[in-house]
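**Student:** what follows is a predicted structure for the sequence shown.
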Amino acid sequence: MFGKWLGGGLGFAMGGPIGGLLGFIVGSVIDSTTVTTSDYPSRQQKTAQGDFAMSLLVLVAAVMKADGTVVKSELDYVKQFFVRQFGRESAKEALLLLKDILKQDIMVRDICVQISKNMDYSSRLQLLHLLFNVSLADGKINKAEIDLIEKMSNALGMSTSDFISIRNMFIPETDSSYKILEIEPSVSNDEVKKAYRKMAMKYHPDKVSHLGDDFRKTADEKFKKVNEAYDKIKKERNMI
């Protein structure tokens, strides 16, 4: 039943606090799912699709519980998000897993530290982007959720500039285009171009191609936002 979400293999997610949280779920489907548990990957290795999927669902559950309640409308919004991002089959599987995870106590910091130690940086960037996407799926800004995502970002080992960059893709601030490119408005045109090339490389969908087509597709959004920010700055500055 959970082939789409567990079929990519599980490595580090089977151990530590994530493994403890997911043990009851994995145990019920392990007979029909390929699960790899031999060695934890290092940050330099590519993250397995199953590890990323489980990390995403656990952190999404924590964000949904940030304000102390989980209502049907939130589940509906998350369902719509998963349908939009991954298709109906994957969305159905994700919601079944998510509903079980929501019943558990989630040790957010411990789980984020586990992810930080074992997931490559590009995958963690994608994880952060998706958490914002889910939080704002209903078109509303919930301060408790955004505050929790910031704490998650810190525990995940993300740089402050990367957190601000991704946050501005969803919650625009003053000079948001510059913040997305991680530069100040006072920089030269050459520095703008250099920053764009750097960010385009950092957020290129190929950086997370190892997560599979579904998750690679969601990475297109970050890449598009970087291009939109660059185009806006070029227009404001009359850059060629």
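**Tutor:** Good, I have the coordinates. The model shown is predicted, which means the values in this text are computed figures rather than measured ones.

**Student:** what comes into contact with stretch 59-69?
**Tutor:** 70, 74-75, 78, 98, 101-102, 104, 106, 108, 111-112, 127, 130-131, 134-135, 142, 144-145, 147-149, 152 (C-beta atoms under 8 Å, 6 or more residues apart in numbering). Every C-beta, even on glycine, is put in place using the N, C-alpha and C of the backbone.

**Student:** got the end-to-end distance for that stretch?
**Tutor:** Across its full length, stretch 59-69 reaches 15 Å end to end, with C-alpha to C-alpha, to the nearest Å as the criterion.

**Student:** for this structure, which segments count as helices?
**Tutor:** 3-6, 16-29, 49-64, 72-86, 88-101, 108-118, 121-135, 143-155, 160-170, 176-180, 189-202, 213-237 (DSSP state H).

**Student:** tabulate the ones you listed (JSON lines), appending mean pLDDT and mean neighbour count.
**Tutor:** Formatted as JSON lines, the helices of the chain follow (pLDDT from 0 to 100; neighbours: other C-beta atoms under 10 Å):
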{"stretch": "helix 3-6", "mean pLDDT": "57", "mean neighbour count": "21"}
{"stretch": "helix 16-29", "mean pLDDT": "70", "mean neighbour count": "17"}
{"stretch": "helix 49-64", "mean pLDDT": "88", "mean neighbour count": "24"}
{"stretch": "helix 72-86", "mean pLDDT": "80", "mean neighbour count": "17"}
{"stretch": "helix 88-101", "mean pLDDT": "84", "mean neighbour count": "17"}
{"stretch": "helix 108-118", "mean pLDDT": "94", "mean neighbour count": "20"}
{"stretch": "helix 121-135", "mean pLDDT": "92", "mean neighbour count": "23"}
{"stretch": "helix 143-155", "mean pLDDT": "96", "mean neighbour count": "18"}
{"stretch": "helix 160-170", "mean pLDDT": "96", "mean neighbour count": "19"}
{"stretch": "helix 176-180", "mean pLDDT": "97", "mean neighbour count": "22"}
{"stretch": "helix 189-202", "mean pLDDT": "95", "mean neighbour count": "15"}
{"stretch": "helix 213-237", "mean pLDDT": "90", "mean neighbour count": "17"}
